[in-house]
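> Below are the sequence and a predicted model for it; my questions follow.
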Amino acid sequence: SFCTLLNYQYTTEKMSSLTGAEQVVKTLNEGGVKVMFANPGTTEMAIVEALDTVGEMKAVLGLHENVVTGAADGYGRMTGKPAATLLHLGVGLTNGLANLHNARRAGSPIINIVGEMSTWHRKADPLLAMDIEGLSGSVSKRVLTINSRSDVADQCNEALSASAGIQSGASRISTLIVPQNVAAEKASVSPEAQSPTGGYGIPEGSAFTTSLQADKAIGDNTSSQTVASAITALNEGSKCCLFIGGKGLWAPSLEIAGAISSATGATLMCENAFPRIDRGGNLPAVHRLAYFPNDAQKELQKFNTVIFIGARVPVAMFGYDDMISELVDYNKQSIIEFNTHDVPGALKHLAGELKVDISPSQAKKAKLPNRPKGKLNPSKLCSSIAVSQPEGTILIDESLTSGGSYWQASQACPQFSHLTLTGGAIGQGPPLATGAAIAFPDRRVINFQADGSGLYTAQALWTQAREKLNVTTVICSNKVYQILKIEQNKQKLSQTGSAAMSLTNLGNPDIDWVSIAKGFGVEAVSVKTCEDFLREFESALSRDGPFLIEACL
């Protein structure tokens, strides 16, 4: 029709003279980025407008930048694809760095868009000027400052490419720094000429075999030697540990790892701070590495060989008086590392070389704990969550000291996804739950949350309310930084001094979680017994929208 023709002509003209901001949104969208978590300021307003003019990308507001970056991490862990963040200058980026650090350790793909002063204004050293490139470099694989409108599409594509590949322990974060005048500037260019090349991601499942062939073609047999060494070690059975990370812990790759473990007798193990593992149902059980270095070292050093696929070789979280840094012994053990982005492909290739049957099998059935009764304590709280969580749950675990028994209590749960604090920067739970719920709105998200850590990013509750997300938050309310009490004891430090007590306790005044949640638009209750908790928890799981339960321990 005539109206359709007019609309087509308008759209064609509009897209052939895109602003820099519109080109950013268009290029990222065509490269697979469908969500932008944002806390914008003056220099980012053109990007905000572009979200409307270009369309097709969901915009989600976070009330603090650490909510924004943590939500992007949760989205990336669940989908394997990047979300974008929109941050205001260096100050906004700085506010979000803690959860970008966690995302870096998790290997989560994220595209940061950070506004910058107009190119001609930087020399004046305005009050908000900062070293954005330096700050970005601490967490990013690639940092790109777009100083010219003509470079926008190419540098956006470069950011997408950098976030696609992964090696164990490497960052998948790209940061685009967009000056205000570049965002506003228009250019008459063909949209076809600026389309992304090939979209997002690297094929999995066959890429590992392809890389082996490429190595051989240039006379490098490193990858083949790694495979051969791994097969020899796996045939030793109980003397070997298969240490899996990344997508190797996602179903169905975990089933392949379990089949290799069952066929060879090798122990299947994962990091203590894993980004995501699919658990329960018929999936194989995995041994979780101990947290404290002395215990972790004992667990790992009983093996002749440890094979790492998709996980970096772990080291101690902190350096204590026992002087333990490395958890494996490079002099006495054989340490084999698969340096590949294609963890599923590596596992499939190993299974093929070992002639292992990888058809789904029935895992040994664990038993759910009994429904607890009486006054709540940490162990009973863990059991109460485990006996009630539904199939398909996404369990965000920042329970810290209160959740110590949850891993064992949840062995027999219906299949679910379990995400933890990866980089040690607390305040990850509420944002991570928010991003996971945006990624999978039909799955129930449970945020199992320590009270002190939850206060870092409580603003995420508002985003959950605004977006009507199915997130049930369980606050472990012990009114103390219990992990610091444990550290004081481990380091043989006094816990009775006025400073020691004041800086590790959360009372005087007590924190009112019910009022905090309701102030952000989330219904909430406080409970003290198992019976009350189970009633409120199961009720919350049965209805739509966010809910918070303060579990008084």
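Good, I have the coordinates.
> Quick one: the helices in the stretch 151-300 of the chain, in order.
Secondary structure of the stretch 151-300 of the chain, counting by DSSP state H, counting those that start in this stretch: helices at 152-164, 180-184, 207-217, 222-234, 253-264, 293-300.
> ok, residues contacting the fifth one?
Around helix 253-264, the neighbours that count as contacts under Cβ atoms under 8 Å, 6 or more residues apart in numbering are 234-235, 237, 240, 242, 244, 247-248, 266-268, 277-278, 283-284, 286, 309, 343-344, 347-348, 350-351, 354, 356-358, 360-361, 363. C-beta coordinates here come from the backbone N, C-alpha and C atoms, glycine included.
> likewise the fourth one?
When contacts are taken as Cβ under 8 Å, 6+ apart, the neighbours of helix 222-234 outside the stretch itself are 211-212, 215-216, 239-240, 242, 260, 264, 266, 304-305, 307, 334, 336-340, 349-350, 353-354.
> residues of that helix that come out buried?
For helix 222-234, the buried set under the neighbour-count rule, 16 or more other Cβ atoms under 10 Å, comprises 223, 226-227, 230, 233-234.
> now the third one
Within helix 207-217, the residues that qualify as buried are 207-209, 211-212, 215, counting by 16+ other Cβ under 10 Å.
> from those residues, which is closest to Asn470?
When those are compared for distance to Asn470 (Cβ to Cβ), Ala207 wins out at 34.5 Å.
> who's in contact with that closest one?
Neighbouring residues of Ala207 by Cβ under 8 Å, 6+ apart: 340-342, 345.
> Likewise for Gln488?
494-495, 500, 504.
> Tell me which entries of those residues lie within helices.
Among those, the ones falling in helices (DSSP state H) are Ala500.
> Using TSV, lay out the contacts of Gln488 together with neighbour count, pLDDT and distance to Phe533.
Listed next are the contacts of Gln488 as TSV, based on neighbours: other Cβ atoms under 10 Å; pLDDT from 0 to 100; distance: Cβ to Cβ, whole Å:
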residue	neighbour count	pLDDT	distance to Phe533
Ser494	9	92	35
Gln495	11	90	29
Ala500	15	92	32
Thr504	17	93	26
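> Going by distance to Thr393, which of the contacts of Gln488 wins?
Closest approach to Thr393 among those (Cβ to Cβ): Thr504, at 32.0 Å.
> Surely the closest one and Lys479 touch.
No: using Cβ atoms under 8 Å, Thr504 makes no contact with Lys479, being 10.6 Å away.
> rewinding a little: could you find the lowest-pLDDT member of the contacts of Ala207?
Note: of the contacts of Ala207, the lowest pLDDT belongs to His341, at 81.
> what about that one, neighbour count?
His341 sits with 22 neighbouring residues when counted by other Cβ atoms under 10 Å.
> ok, it to Leu395 distance?
From His341 over to Leu395 the distance is 26 Å, taken as Cβ to Cβ, to the nearest Å.
> Same check on Asn39?
Distance, Asn39 to Leu395, using Cβ to Cβ: 27 Å.
> between the two, which one's more packed in?
More crowded of Asn39 and Leu395, by other Cβ under 10 Å: Leu395, with 26 against 22.
> ok, what's across the strand from that one?
His418, Ile446 (DSSP bridges).
> which residues does it contact?
Contacts for Leu395 (Cβ under 8 Å, 6+ apart) come out as 385, 389, 410, 416-419, 446, 448.
> In ChimeraX, how would I select just the buried ones from those residues?
In ChimeraX, a selection of the buried entries from the contacts of Leu395 looks like this (16+ other Cβ under 10 Å):
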select :385,389,410,416,417,418,419,446,448
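> what does stretch 501-513 contact?
So stretch 501-513 is in contact with 451-452, 455, 475, 477, 479-481, 484-485, 488, 495, 524, 526, 548, 550, going by Cβ under 8 Å, 6+ apart.
> List just the nearest of those residues to Glu185.
Leu455 (42.1 Å).
> Burial check on that closest one, number of neighbours?
Other residues lying near Leu455 total 17 when counted by other Cβ under 10 Å.
> For Ser477, see how far away the nearest residue to it once chain neighbours are set aside is.
Leaving aside its chain neighbours, Leu455 sits nearest to Ile511 (7.0 Å; criterion: Cβ to Cβ, 6 or more residues apart in numbering). Using Cβ to Cβ, one gets 8 Å for the distance from Ile511 to Ser477.
> circling back: which of the contacts of Ala207 sits closest to Ser399?
His341 (31.0 Å).
> so the closest one touches Gln167, yeah?
Yes: here His341 lies in contact with Gln167, judged by Cβ under 8 Å, at a distance of 6.2 Å.
> where in the stretch 201-350 of the chain is pLDDT low?
For the stretch 201-350 of the chain, the stretches flagged by pLDDT under 70 are 201-203, 215, 220, 222.
> hmm, back to that, in ChimeraX, how would I select just the buried ones from the contacts of helix 253-264?
Applied in ChimeraX, the following selects the buried portion of the contacts of helix 253-264 according to 16+ other Cβ under 10 Å:
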select :234,240,242,244,247,248,266,267,268,277,278,283,284,286,309,343,344,347,348,350,351,354,356,358,363
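> host element of the residue lying closest to Gln495 once chain neighbours are set aside?
Leaving aside its sequence neighbours, Gln495 sits nearest to Gln488 (Cβ to Cβ, 6+ apart; 5.0 Å). Applying DSSP states H and E as the criterion places Gln488 in helix 482-490.
> So for stretch 336-355, first residue to last residue, what's the gap.
With Cα to Cα, to the nearest Å as the measure, stretch 336-355 spans 20 Å from end to end.
> make that stretch 434-446, sorry
Start-to-end, stretch 434-446 (Cα to Cα) is 10 Å.
> Show me which residues of it are buried.
By neighbour count with 16+ other Cβ under 10 Å, stretch 434-446 contains the buried residues 434-440, 443-446.
> Now, those that are in strands?
Secondary-structure check on the buried residues of stretch 434-446 using DSSP state E: residues within strands are 445-446.
> pretty sure Ala411 is touching Ala285, no?
One thing to correct before we go on: residue 411 is Gln, not Ala. Yes: under the criterion of Cβ under 8 Å, Gln411 makes contact with Ala285 at 6.2 Å.
> the more surrounded of these two?
Using other Cβ under 10 Å, the more surrounded residue of Gln411 and Ala285 is Gln411, with 18 against 15.
> so what's that one scoring on pLDDT?
Note on Gln411: pLDDT of 97.
> what does Ser16 give?
We note a pLDDT of 58 for Ser16 in this prediction.
> Then Gln362?
So Gln362 comes in at 63 (pLDDT).
> same deal with Gly165?
pLDDT, Gly165: 72.
> That one and His341 touch, don't they?
Yes: here Gly165 reaches His341: they are 5.0 Å apart, a contact under Cβ under 8 Å.
> SS state for the closest residue to Lys81 other than its chain neighbours?
In space, and not counting its chain neighbours, Lys81 is closest to Gly32: 5.5 Å by Cβ to Cβ, 6+ apart. Secondary structure, DSSP: H, G, I helix; E, B strand; the rest coil: Gly32 is coil.
> again with the one 5 residues further on
Phe37 carries the three-state label strand when classified by three-state DSSP.
> which residues does it form a beta bridge with?
Val60, Thr85.
> can I get the CA coordinates of stretch 545-553 in CSV?
Provided in CSV are the C-alpha atoms of stretch 545-553 (Å, rounded to 0.1, in the frame of the first residue of the first chain):
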residue,chain,number,x,y,z
GLY,A,545,6.6,-12.4,40.6
PRO,A,546,9.4,-11.8,43.1
PHE,A,547,9.2,-12.6,46.8
LEU,A,548,11.7,-12.3,49.7
ILE,A,549,11.9,-14.5,52.8
GLU,A,550,14.1,-13.5,55.7
ALA,A,551,15.1,-16.7,57.4
CYS,A,552,16.2,-15.8,60.9
LEU,A,553,19.1,-18.1,61.9
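> Tell me which residues are up against that stretch.
376-378, 381, 402, 461, 464-465, 468-478, 513-514, 517, 522-528, 533, 536-537, 540.
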